[in-house]
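Colleague: Got a predicted structure plus its sequence, pasted below:
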Amino acid sequence: MGQGIQQAPVNQGSGSSGLLDIVKVLYEPGAVFERVGQRPRFLVPFLVICAVQVVLYFLNLPFMKAGMAAQFASRPAGGPDPSKFLFLGAFFIPVGIGVALLIGGGLLWVLVSLLGGEAKFRTLLSVCTYASVPAVILLAIVGAAVLQMKGVGQISSPQDLQPALGLDLLAPGATGFALSALKAINPFGIWGLVLTAIGVSTTHRLSKRTGYIIATIAFLIGVLIAGGFASFGNRG
């Protein structure tokens, strides 16, 4: 009699497409990462992330031109105007995102190998890609919305292009490494950390504790890398 009320098994592999999972990972990450564990998906979410970033890049272009104009206002007149070539930056967006995801996937592979046993790079690359949605898509959308509300006339420096949404709110005078690191610690970054922990533990059948340890270490290393790039940029 008990068998008569059992539910039929769900085919996790065909329950959703890679495109829909970009949205579903935000509210049902467990189901999404179950599908990722059975069938890793990178290309579709990667292309969606790149497309959103490119659209937002052109939407923010007037603000970037204003910030660059303010930065170069003190330089001698007659030199080339770099703001005319800002549109070329859109072509490098897929490269930058791709490199960042490969580094993130590789870092997860190393950490899972050390702490969780056998690691699958393709699966962890997919986990990294889906887990980046809050920080790479939602944070960018919120930032663009803040800029639109401020208006181009309120942009007086390149720093104004990145609204304070993280721990940088607590340190308005921070610069360089500290500023970049504090900016990286924001609600969207923490959301991505949680998704990474769920993704790692689900796809590799690890405990939640191990998943969160791996995700936290990866997140902190990412914060250090972001701060390091900011320091080198300021020296340049």
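Modeller: Structure's in. What do you need? Computed from a predicted model, the values in this text were never measured in an experiment.
Colleague: which residues in this protein form helices?
Modeller: 18-24, 29-38, 43-59, 61-71, 93-115, 121-131, 133, 139-150, 176-184, 187-203, 208-235 (DSSP state H).
Colleague: looking at these, which is buried most?
Modeller: Neighbour counts (mean count of other CB atoms under 10 Å) averaged over each of the helices of the chain peak at helix 121-131, with a mean of 26. (Each C-beta comes from the backbone N, C-alpha and C, glycine too.)
Colleague: what mean pLDDT would you report for stretch 203-223?
Modeller: The pLDDT scores in stretch 203-223 average 96.
Colleague: Can you tell me what sits against the helix or strand of the chain with the lowest mean pLDDT?
Modeller: Within the chain, no helix or strand scores below helix 61-71, which has a mean of 78 by mean pLDDT, DSSP states H and E. Contacts with helix 61-71, where a contact means CB atoms under 8 Å, 6 or more residues apart in numbering, come from 82-83, 86-87, 147, 152-153, 155-161.
Colleague: Try it again at 10 Å.
Modeller: Outside helix 61-71, the residues within contact range by CB atoms under 10 Å, 6 or more residues apart in numbering are 57-58, 60, 81-84, 86-87, 89-90, 144, 147-148, 150-162.
Colleague: Mind giving me the ChimeraX select for those, buried ones only?
Modeller: Those of the contacts of helix 61-71 that count as buried under 16 or more other CB atoms under 10 Å are selected in ChimeraX with:
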select :57,60,83,86,144,147,155,161,162
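Colleague: excluding its backbone neighbours, what's nearest residue 67?
Modeller: residue 158 (4.3 Å; CB to CB, 6 or more residues apart in numbering).
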